[in-house]
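Colleague: need a structure here:
(one chain, ligands or ions: 1)
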Amino acid sequence: MSKPTTGDFTKTAGWLDWYTSPSTPKFRLPAGAVDAHCHVFGPGAEFPYAPERKYTPCDASKHELYALRDHLGFARNVIVQATCHGADNRAMVDACLSSGGKARGVATVKRSVTDEELQALHAAGVRGVRFNFVKRLVDFTPKDELLEIAERIARLGWHVVIYFEAVDLPELWDFFTALPTTVVVDHMGRPDVSKPIDGPEFELFLKFMREHPNVWSKVSCPERLSVTGPKALGGEQAAYQDVVPFARRVVEEFPDRVLWGTDWPHPNLKDHMPDDGLLVDFIPHIAPTPELQQKLLVDNPMRLYWPEETQGA
Ligand SMILES: O=C(O)/C=C(\CC(=O)C(=O)O)C(=O)O
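Modeller: Predicted structure coming up:
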């Protein structure tokens with residue numbers, strides 16, 4: 001892969017660029033595997049970053065994303081709108097449109113979005129909206145506004161992706177459980193993996209999934225959640241061991257409601273940039289059998305994002 005560019009924008013201080021020479025994974029992904037959480041950034045010269053953004057990344061174009069897809073052995077991508085683009089979905093939509101049907105998208109929309117705009121997003125491959133509650137990433141949006149958006153997109157058969165930190169789940173519980181769609185949680189609701197897996201915080205997350213069959217989880221981002229590592233660098237085959245019990249618990253208890261994604265290009269990491277090939281090698285630690293891997297990487301994302309290809313299958 002080529003080196004990341006920045007265009008006329010100045011990257012946030014301390015920004016870590018994506019890893020330019022990912023290893024070839026030792027784990028062979030099942031045929032048709034979907035990278036169900038990744039982003040594109042710009043390029044800023046073509047798709048400028050939003051004025052209200054909280055960070056300015058290096059560029060991470062669709063070309064680089066699709067080169068990584070092919071290198072790692074994925075067949076498809078789900079591209080999630082990143083907050084550095086605000087509610088301007090053009091970079092994500094452009095990537096979906098030029099994927100030959102191999103990428104679907106999750107957008108950010110405002111209450112003012114028109115039905116025609118929603119239809120155009122649908123035609124481009126968008127199948128969900130993302131509500132972000134991570135305070136360092138976005139300004140607050142009133143919940144009645146989000147609920148109104150959720151009701152409108154429900155009519156299109158879309159779902160809602162939610163991103164929040166574990167400590168905020170109690171306060172957000174009533175809002176999340178009132179959503180009228182499938183609800184997909186990013187990165188297991190960001191558990192603090194230094195706390196016990198059977199402690200009240202992670203138990204609340206499991207209860208959230210147990211009591212609400214419309215709630216799914218991405219078991220992604222060990223590199224964000226890990227405290228003790230080891231890091232997915234230097235050929236490490238057993239990276240982020242402190243995250244494994246949490247992710248494996250979710251995969252084993254809810255095998256039909258889990259998704260996995262690289263999170264490339266890994267915005268806002270502070271400590272290190274993982275080798276994406278070694279991140280793929282993390283998967284069998286959390287989904288140890290071929291049956292679980294097939295559901296996590298193929299069957300579940302296909303059912304959610306390409307249902308027309310799975311119906312009757
Ligand atoms: O890539 C992720 O999922 C996580 C992010 C960035 C993000 O969500 C965004 O910019 O939209 C984070 O924790 O900084």
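Colleague: show me what whichever strand or helix holds Gly105 pairs with in its sheet, parallel or antiparallel.
Modeller: Gly105 belongs to strand 103-107 when assigned by DSSP states H and E. Strand pairing for strand 103-107, using DSSP bridges, gives strand 76-80 (parallel), strand 126-132 (parallel).
Colleague: from the chain's centre, how far out does that strand sit?
Modeller: Centre-to-centre, strand 103-107 and its host chain are 10 Å apart (Cα atoms, centre = their mean, to the nearest Å).
Colleague: how about stretch 245-260?
Modeller: So, by Cα atoms, centre = their mean, the centroid of stretch 245-260 is 15 Å from its chain's centroid.
Colleague: pull it out as PDB, backbone CA atoms only.
Modeller: C-alpha atoms of stretch 245-260 as PDB (Å, rounded to 0.1, in the frame of the first residue of the first chain):
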ATOM      1  CA  PRO A 245     -12.800 -13.400  27.200                       C
ATOM      2  CA  PHE A 246     -15.200 -10.500  26.700                       C
ATOM      3  CA  ALA A 247     -15.500 -10.900  22.900                       C
ATOM      4  CA  ARG A 248     -15.600 -14.700  23.100                       C
ATOM      5  CA  ARG A 249     -18.400 -14.500  25.700                       C
ATOM      6  CA  VAL A 250     -20.500 -12.400  23.400                       C
ATOM      7  CA  VAL A 251     -19.800 -14.600  20.300                       C
ATOM      8  CA  GLU A 252     -20.600 -17.800  22.200                       C
ATOM      9  CA  GLU A 253     -23.800 -16.500  23.900                       C
ATOM     10  CA  PHE A 254     -25.200 -14.600  20.800                       C
ATOM     11  CA  PRO A 255     -23.700 -16.300  17.800                       C
ATOM     12  CA  ASP A 256     -26.400 -15.100  15.400                       C
ATOM     13  CA  ARG A 257     -26.100 -11.400  16.400                       C
ATOM     14  CA  VAL A 258     -22.400 -10.700  16.200                       C
ATOM     15  CA  LEU A 259     -20.300  -8.900  13.500                       C
ATOM     16  CA  TRP A 260     -16.600  -8.300  13.100                       C
END
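Colleague: so the residue nearest to the spatial centre of the chain, which of the three states?
Modeller: What sits nearest the mean C-alpha location of the chain, by Cα atoms, centre = their mean, is His37, with 3.0 Å. Put simply, His37 is strand when judged by DSSP: H, G, I helix; E, B strand; the rest coil.
Colleague: just to revisit the earlier point, what sits up against the strand holding Gly105?
Modeller: 76-81, 87, 89, 92-93, 95-96, 121, 124-130, 161, 305-306 (Cβ atoms under 8 Å, 6 or more residues apart in numbering). (C-beta placed from N, C-alpha, C; glycine too.)
Colleague: any of those residues buried? List them.
Modeller: Buried members of the contacts of strand 103-107, counted by 16 or more other Cβ atoms under 10 Å: 76-81, 89, 92-93, 95-96, 121, 124-130, 161, 305-306.
Colleague: just the helices from the stretch 201-313 of the chain, written as ranges.
Modeller: 222-225, 244-253, 276-280, 283-286, 290-294, 300-305, 307-310 (DSSP state H, counting those that start in this stretch).
Colleague: quick check: which of these is buried the most?
Modeller: helix 276-280 (a mean of 25; mean count of other Cβ atoms under 10 Å).
Colleague: which strands or helices does it pack on?
Modeller: Helices and strands in packing contact with helix 276-280 are listed as helix 62-72; criterion 3 or more Cβ pairs under 8 Å, 6 or more residues apart in numbering; DSSP states H and E.
Colleague: tell me the buried residues in the helix it packs on?
Modeller: 62, 64-66, 68-69, 71-72.
Colleague: show me which residues of the stretch 1-150 of the chain are close to the ligand?
Modeller: Where the stretch 1-150 of the chain comes near the ligand, counting by Cβ under 6 Å from any ligand atom, the residues are 39, 82-84, 137.
Colleague: which one of these is nearest to Thr12?
Modeller: Thr12 lies nearest to Cys84 out of these, by Cβ to Cβ, at 9.2 Å.
Colleague: low pLDDT regions in this protein?
Modeller: Along the chain, the model assigns pLDDT under 70 to residues 1-2, 312-313.
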